[in-house]
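Colleague: Got a predicted model here, sequence first, then my questions.
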Amino acid sequence: MPERTIGKALAAVGAPLALAGLAMQVLPGRGSSVLVLVLGLALLMTGVVMSAAAARS
């Protein structure tokens, strides 16, 4: 599987997770909002970097 495809998949999973974590952080209530936000941002950034690196090479 090409690196660019993996990067796109990671970014596609990370973006909704980051938005869900952000929504859980802003809206009242309990939950693991920080964990979801950090995980989503990590996946999103990893996917973007992998896609950009694959596009440059």
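Modeller: Received it, and whenever you're ready, just let me know what you need.
Colleague: For burial, what's the neighbour tally of residue 26?
Modeller: Residue 26: 8 surrounding residues under other CB atoms under 10 Å. C-beta here means a position set from N, CA and C on the backbone, and glycine is covered the same way.
Colleague: Start at 5, not 1
Modeller: That works, and once the first residue is 5, the last one we named lands at residue 30.
Colleague: secondary structure class for the closest residue to residue 7 other than its chain neighbours?
Modeller: Using CB to CB, 6 or more residues apart in numbering and skipping the chain neighbours, the partner closest in space to residue 7 is residue 58 (4.3 Å). Secondary structure, DSSP: H, G, I helix; E, B strand; the rest coil: residue 58 is helix.
Colleague: gap between the closest residue to residue 19 other than its chain neighbours and residue 34?
Modeller: Nearest residue to residue 19, sequence neighbours excluded (CB to CB, 6+ apart): residue 48, at 5.5 Å. Residue 48 sits 24 Å away from residue 34, going by CB to CB, to the nearest Å.
Colleague: one step back: then the strand or helix carrying the residue nearest to residue 19 to PDB, C-alphas only?
Modeller: Per DSSP states H and E, residue 48 falls inside helix 37-60. Taking C-alpha atoms only, helix 37-60 is exported to PDB below (Å, rounded to 0.1, in the frame of the first residue of the first chain):
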ATOM      1  CA  SER A  37     -12.200  14.800  25.500                       C
ATOM      2  CA  VAL A  38      -8.500  15.400  25.900                       C
ATOM      3  CA  LEU A  39      -7.600  11.900  24.900                       C
ATOM      4  CA  VAL A  40      -9.800  12.000  21.800                       C
ATOM      5  CA  LEU A  41      -8.600  15.500  20.900                       C
ATOM      6  CA  VAL A  42      -4.900  14.500  21.200                       C
ATOM      7  CA  LEU A  43      -5.400  11.200  19.300                       C
ATOM      8  CA  GLY A  44      -7.300  13.000  16.500                       C
ATOM      9  CA  LEU A  45      -4.700  15.700  16.100                       C
ATOM     10  CA  ALA A  46      -1.900  13.200  16.200                       C
ATOM     11  CA  LEU A  47      -3.500  11.100  13.400                       C
ATOM     12  CA  LEU A  48      -4.300  14.200  11.400                       C
ATOM     13  CA  MET A  49      -0.800  15.600  11.500                       C
ATOM     14  CA  THR A  50       0.800  12.200  10.900                       C
ATOM     15  CA  GLY A  51      -1.400  11.700   7.800                       C
ATOM     16  CA  VAL A  52      -0.700  15.200   6.500                       C
ATOM     17  CA  VAL A  53       3.000  14.800   6.900                       C
ATOM     18  CA  MET A  54       3.100  11.300   5.300                       C
ATOM     19  CA  SER A  55       1.000  12.600   2.300                       C
ATOM     20  CA  ALA A  56       3.300  15.600   1.900                       C
ATOM     21  CA  ALA A  57       6.400  13.600   2.100                       C
ATOM     22  CA  ALA A  58       5.200  11.000  -0.400                       C
ATOM     23  CA  ALA A  59       4.200  13.800  -2.800                       C
ATOM     24  CA  ARG A  60       7.700  15.400  -2.700                       C
END
